[in-house]
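Peer 1: This is a predicted model, with the sequence first.
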Amino acid sequence: MPFDEELQELAARVSNWGRWGERDEYGTQNLIDAEATRRGVATVRDGVQVSMAIRLDQTSPQQGGAPGRIAPLRTMLALNQTYTGVEGDAAFNDDTVVMAMSAGTHIDALAHVTYGGLMYNGFPAERVTAAGGATKCGAEKLRPVVTRGVLLDVAAAKGVDRLEPGYPLTAEDLDAAVEHGRLELQPGDVALVRTGHMQLFHQGDTWGYNHDCPGLSRHTIQWVRDHDLGAVFDDTYVFEVFPPEDWASMMVVHMIHLRDMGQIQGQNFDLEPLAAACAERGRYEFLFTAHPEPFTGGCSAPVHPVATF
């Protein structure tokens, strides 16, 4: 067991195993119900859309931060190819891509992390296989996300452009961001946690972006569970603080979120344009939409999230 007694008690306290049935593979997506969707739609006023996706190319964050992951490599399959062989007839261009499923803006499938031989809801870790990938809790179980989104701009609430690498966010930091946005969280909301770390990626400092970073810490886990968030996304490569506060329980937020809570989460969300749009309007709620690609057996899924004001 990678956890000390305190973390074991926390994991048991926030667990959602069995909450939506013994066979559930959707986790906190169950909280994004029709009411949550209607609540999100009700925030739309002017129809302005803001993308939160980063580009997919060889400059994407997968630059050695995690072993084996590669940035998107796109190559051409066909170049102005006609099927008749006659010049001037319809000609087609096609391409293909090889990439890590988490190379860009993505959502983690609940099968992404296991520990103690189990994944979310008690499914055996062996349900992830070399041949079939995640045969339980895979990326095809990630539904389209349509609900109210809220920006928790932690950096702005602390009066800085971005948090320092290695800064562990606390429940108090998240409360301050809620107050900064004059928000009242409701079950099924999607929280976008801004640290400002994405600025390094925009500056071309990919190495700095995909190594030490601020992020959620063990001290935010109970907070997320108490608010029954449908999903939590942020603007960093790791999602949680790195280097970890305790190497013995490295990636503790991933482990408890995904394995114990069934908490939908994701990384590499570009929250800089969103922060500007929220500050300009003086409101930090919007319609959030994101459609994960349903890769059967995938452990993560690329996604293009959009905020509509």
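Peer 2: Happy to help now that I have it.

Peer 1: State the distance from residue 243 to residue 177.
Peer 2: With distances taken as CB to CB, to the nearest Å, residue 243 is found 23 Å from residue 177. C-beta coordinates here come from the backbone N, C-alpha and C atoms, glycine included.

Peer 1: same question, residue 103
Peer 2: According to CB to CB, residue 103 and residue 177 sit 28 Å apart.

Peer 1: my guess is residue 112 contacts residue 258, does it?
Peer 2: Yes - counting by CB atoms under 8 Å, residue 112 does reach residue 258; the two are 5.7 Å apart.

Peer 1: The helix-or-strand element of the chain with minimal mean pLDDT - contacts with which helices or strands?
Peer 2: Lowest on mean pLDDT, DSSP states H and E among the helices and strands of the chain sits helix 206-209, with a mean of 92. With contacts taken as 3 or more CB pairs under 8 Å, 6 or more residues apart in numbering; DSSP states H and E, helix 206-209 sits against helix 198-202.

Peer 1: Report the buried residues of the helix it packs on.
Peer 2: 198-201 (16 or more other CB atoms under 10 Å).

Peer 1: Can you add pLDDT and give these back as JSON lines?
Peer 2: Putting the buried residues of helix 198-202 into JSON lines (pLDDT from 0 to 100) gives the following:
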{"residue": "198", "pLDDT": "98"}
{"residue": "199", "pLDDT": "98"}
{"residue": "200", "pLDDT": "97"}
{"residue": "201", "pLDDT": "96"}
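
Peer 1: got the contact list for residue 154?
Peer 2: The contact partners of residue 154, by CB atoms under 8 Å, 6 or more residues apart in numbering, come to 163, 169, 173-174, 176-177, 193-195.

Peer 1: and with 7 Å instead?
Peer 2: 163, 169, 173, 177, 193-195 (CB atoms under 7 Å, 6 or more residues apart in numbering).

Peer 1: hang on, the earlier thing: and residue 243 and residue 177? which has more neighbours close in?
Peer 2: Higher neighbour count among residue 243 and residue 177: residue 177, with 24 against 13, using other CB atoms under 10 Å.

Peer 1: Quick check, pLDDT for the more buried one.
Peer 2: You'll see residue 177 listed with a pLDDT of 98.

Peer 1: and the residue nearest to residue 10 when sequence neighbours are not counted, how many residues sit next to it?
Peer 2: Leaving aside its sequence neighbours, residue 10 sits nearest to residue 221 (CB to CB, 6 or more residues apart in numbering; 6.2 Å). Summarising burial for residue 221: neighbours were counted as other CB under 10 Å, giving 25.

Peer 1: and if you look at residue 262?
Peer 2: If you count neighbours by other CB under 10 Å, residue 262 ends up with 24.

Peer 1: so what's it up against?
Peer 2: Taking CB under 7 Å, 6+ apart, we find residue 262 in contact with 16, 27-28, 110, 120-121.

Peer 1: ok, which stretches of the stretch 151-300 of the chain are helices?
Peer 2: 154-157, 171-180, 198-202, 206-209, 221-226, 252-254, 272-281 (DSSP state H, counting those that start in this stretch).

Peer 1: closest one to residue 45 among the ones you listed?
Peer 2: Nearest to residue 45 among the helices of the stretch 151-300 of the chain is helix 272-281; the distance by CB to CB comes to 8.6 Å.

Peer 1: between that closest one and helix 171-180, how big is the angle?
Peer 2: Going by axes from the mean of the first three to the mean of the last three CA atoms, to 10 degrees, helix 272-281 is angled at 50 degrees with respect to helix 171-180.

Peer 1: Sort out which residues of the least confident helix or strand of the chain are buried, please.
Peer 2: For helix 206-209, a neighbour-count test (16+ other CB under 10 Å) marks 206, 208-209 as buried.

Peer 1: ok so, going back, out of the buried residues of helix 198-202, which is nearest to residue 287?
Peer 2: Taking the buried residues of helix 198-202 together and measuring to residue 287 by CB to CB, the closest member is residue 198, at 21.5 Å.

Peer 1: Spatially nearest residue to the closest one (excluding sequence neighbours)?
Peer 2: Sequence neighbours aside, residue 235 is the residue nearest to residue 198 in space, at 4.1 Å (criterion: CB to CB, 6+ apart).

Peer 1: And the one you found, how far from residue 52?
Peer 2: The separation that residue 235 has from residue 52, given CB to CB, amounts to 9 Å.

Peer 1: Give me the more crowded residue out of the two.
Peer 2: Neighbours were counted for residue 235 and for residue 52 using other CB under 10 Å; residue 235 has more, 31 against 24.

Peer 1: which phi and psi does the more buried one have?
Peer 2: phi -110, psi 40 (degrees, to the nearest 10).

Peer 1: which ones are touching it?
Peer 2: Residues in contact with residue 235 (CB under 7 Å, 6+ apart) are 194-195, 197-198, 269-271.
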